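Undergrad: Next comes the sequence, and after it the predicted model I'd like to discuss.
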Amino acid sequence: MQTGQGTKNLNQGVTECAARRGVSSSGANSTGTQQTLTGSVSKYTAEAHRALIALRCAVNKHLFHAVADSLYIEEIKLLCPNVHLPCPCTVSHDINTIYCEASKNVKVYFSVRFIAYIALL
């Protein structure tokens, strides 16, 4: 097999894979863009990053100060050099806000269930 033929097969395989995944070879949905599990294109926003940091700390019981860890900062800078990480107090505030807002929904959910339960009695 010649080198040119191998490259042609590789490029053809990439094109076929992109077609199966439903992405184009150029533009916002190009094969080089990061995609989520559902196939949609993932774009970085500072708000989404803060939400993910807050959820990671809450779910995995990480300290808020994990965002101030020098190795974590280096990891993030390696992936995206222009990212500004929130301070630990911002992460704490975000988690508190998520908790307070989610608590309202839980309260409404259980009050509706309780009223429905009383109505059945």
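TA: Great, that's in hand.
Undergrad: what helices or strands is the helix of greatest length in the chain leaning on?
TA: Determined from DSSP state H, the single longest helix within the chain is helix 88-120. Counting contacts by 3 or more C-beta pairs under 8 Å, 6 or more residues apart in numbering; DSSP states H and E, helix 88-120 packs against helix 46-60. Glycine gets a C-beta too; all of them are placed from N, C-alpha and C.
Undergrad: where does this protein have low pLDDT?
TA: 1-6, 22-42, 116-117, 119-121 (pLDDT under 70).
Undergrad: Find the residue at the geometric middle of it.
TA: Nearest residue to the geometric centre of the chain (C-alpha atoms, centre = their mean): L52, 6.0 Å.
Undergrad: ok, the nearest residue to V91 once chain neighbours are set aside - contacts?
TA: Spatial nearest neighbour of V91, excluding adjacent residues (C-beta to C-beta, 6 or more residues apart in numbering): F64 at 4.5 Å. F64 is in contact with 57, 88-89, 91-92, 95, counting by C-beta atoms under 8 Å, 6 or more residues apart in numbering.
Undergrad: can you pick the most crowded of these?
TA: With neighbours set by other C-beta atoms under 10 Å, the maximum within those is found at V91, which has 24 neighbours.
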